[in-house]
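> 3D, please:
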Amino acid sequence: MEPREFFETLESRVDQSKAKGMTASYKFDIDGAGTWLVDVDDGKVSVSERDGDADCTISASAETFRKIANREQNPTAAYMSGKLKVKGDMGQAMKLQKLF
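Below you'll find the predicted structure:
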């Protein structure tokens, strides 16, 4: 799955019960693909292709993100090897794993 396809279909794929009680905003800056803001508000997820402020910013190359999205790369291993960068609230970043 390409980054654009991942974000365009994200709202319909998230299990709202897993996002229940979560309120956070995430910026995904995918080098070579674009920038998306993902807002989670008590079970509702909205995605927009734009830049802006967020609780947590996640940066990666399109190739690394594609591997993570296709479950070919563990996100924690990508972070530890420097292929995935996180700025801001690390606790919120860790919560993403239960959503996707």
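> From here on, just use CA atoms for contacts and neighbour counts.
OK.
> which residues of this structure fall in helices?
Under the criterion DSSP state H, the chain contains helices at 3-13, 16-19, 62-69, 75-80, 90-99.
> May I see those helices organised as a markdown table, with distance to residue 26 added?
Formatted as a markdown table, the helices of the chain follow (distance: least, C-alpha to C-alpha, whole Å):
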| stretch | distance to residue 26 |
| --- | --- |
| helix 3-13 | 12 |
| helix 16-19 | 14 |
| helix 62-69 | 15 |
| helix 75-80 | 15 |
| helix 90-99 | 8 |
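> Could you report the distance from residue 91 to residue 22?
12 Å (C-alpha to C-alpha, to the nearest Å).
> What residues does the spatially most central residue of the chain make contact with?
Centroid check for the chain by C-alpha atoms, centre = their mean gives residue 28 as the closest residue, at 5.7 Å. Counting by C-alpha atoms under 8 Å, 6 or more residues apart in numbering, residue 28 makes contact with 35, 36, 37, 38, 57, 58, 59.
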